[in-house]
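In: here is the input, now give the coordinates:
(chains A and B)
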Amino acid sequence: KAGVTQTPRYLIKTRGQQVTLSCSPISGHRSVSWYQQTPGQGLQFLFEYFSETQRNKGNFPGRFSGRQFSNSRSEMNVSTLELGDSALYLCASSLYSGEETDTQYFGPGTRLTVL
Amino acid sequence: AQSVTQLGSHVSVSEGALVLLRCNYSSSVPPYLFWYVQYPNQGLQLLLKYTTGATLVKGINGFEAEFKKSETSFHLTKPSAHMSDAAEYFCAVSFFGNEKLTFGTGTRLTIIP
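Out: Next up is the predicted model:
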C-alpha cells in the first residue's frame, strides 16, 4: 500500500506570496492532519480534517487554512507569507475508526523556504 | 492541557551500548503515547505506541518502551545501539478520539563507532 504523499517536496517563495501544499493520504484513511516543524518551535499541530470538515485546529493565525476533498486528499494554504513560515510541513493520515486514537502515518513533508 | 518533556536534546552512545531516551508526559486523562523517529530530510516513522493494556510495548528495529503511570514516563530503550539508529526521536501524546499529537522537543541520537 502506498504511503502518504506530499507535493511539492520543496518550494521557494517570497514574502507576501501565497502557497498551496497538497497531501494524499494512505488509501482508506479518512483523517488528515497537518504539522509545522521548525528548529525553534519544533513540531506543532496545525489542523485536522475528517470527512471534509475541520475537526481540530491548532494555534496558528488565520493565514493558515486547509481543506479536504471527498477522496480524503487535503490541501493547506498559507497566504501573505512571512519569513517565519519557512518550515517543513508534514501531513499525516489515519484511519480514524472512531473506537480509539488511530496511528498517524506521516508523509515526507514539503520544505517551504520564504525569502 | 497535555505536554511532553524529553530530557536531553542530544544523546550519544557507543555502538553496541544501551540506548535510553527519556520522555515524561503531563496529562489529566489517560494518555496515548507514541515514539516516532525522523531521519534527515524525511518525515516521521512510528516506532511504537501505547494505548491501553500491556505497559511494555515492543516496536520496530528492536526498540521498546514502558508506560509507567506512577512516574508519568514512557522511556524508549534498545539493548544494543546500531549505527543506523542515528536519528532524531520524538515522543508524542494524544487522547481517546483526538487525532492531534502533542510532541516533545526531540532527542538527537548519535552513535559513536
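In: which ones are touching the residue nearest to the spatial centre of chain B?
Out: The centroid of chain B falls nearest to B:W35 when counting by C-alpha atoms, centre = their mean (3.5 Å). By C-beta atoms under 8 Å, 6 or more residues apart in numbering or on different chains, the contact set of B:W35 is B:21, B:23, B:46-49, B:59, B:63, B:65, B:74, B:76, B:89-92. Heads up, the C-betas are built off the backbone N, CA and C, glycines and all.
In: rerun at 6 Å
Out: With C-beta atoms under 6 Å, 6 or more residues apart in numbering or on different chains as the criterion, the residues that contact B:W35 are B:47-48, B:65, B:76, B:91.
In: most neighbours out of those, which is it?
Out: Among the contacts of B:W35, B:C91 has the most neighbours (other C-beta atoms under 10 Å in any protein chain shown), with 28 neighbours.
In: quick one on the thing from earlier: so the nearest residue to the residue nearest to the centre of chain B once chain neighbours are set aside: helix, strand or coil?
Out: In this structure, B:W35 finds its nearest non-sequential neighbour in B:L47, 4.3 Å apart by C-beta to C-beta, 6 or more residues apart in numbering or on different chains. Put simply, B:L47 is strand when judged by DSSP: H, G, I helix; E, B strand; the rest coil.
In: quick check, the helix or strand of chain B with the lowest mean pLDDT touching chain A?
Out: Lowest on mean pLDDT, DSSP states H and E among the helices and strands of chain B sits strand B:98-103, with a mean of 86. Yes. With C-beta under 6 Å from any C-beta of the partner chain as the measure, strand B:98-103 is seen reaching chain A through B:99-100, B:103.
In: only alpha carbons, please: show stretch A:83-91 as PDB.
Out: Provided in PDB are the C-alpha atoms of stretch A:83-91 (Å, rounded to 0.1, in the frame of the first residue of the first chain):
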ATOM      1  CA  LEU A  83       9.900  34.800   6.800                       C
ATOM      2  CA  GLY A  84       8.900  32.800   9.900                       C
ATOM      3  CA  ASP A  85       6.700  30.500   7.800                       C
ATOM      4  CA  SER A  86       9.800  28.800   6.500                       C
ATOM      5  CA  ALA A  87       9.500  25.200   7.800                       C
ATOM      6  CA  LEU A  88       8.900  21.600   7.000                       C
ATOM      7  CA  TYR A  89       5.200  21.000   6.600                       C
ATOM      8  CA  LEU A  90       4.200  17.500   7.400                       C
ATOM      9  CA  CYS A  91       1.000  15.700   6.600                       C
END
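In: what sits against A:I12?
Out: With C-beta under 6 Å, 6+ apart, A:I12 has these contacts: A:T113.
In: that one bridge partners, please.
Out: With DSSP bridges applied, the residues forming beta bridges to A:I12 are A:T113.
In: now do B:H10
Out: B:H10 has these beta-bridge partners by DSSP bridges: B:R108.
In: likewise the one 4 residues further on?
Out: The residues listed as beta-bridge partners of B:S14 by DSSP bridges are B:I112.
In: could you give the mean pLDDT of the longest strand seen in chain B?
Out: If you go by DSSP state E, chain B has its longest strand at strand B:87-95. Strand B:87-95 carries an average pLDDT of 94.
In: and for stretch A:92-106?
Out: pLDDT averaged over stretch A:92-106 gives 79.
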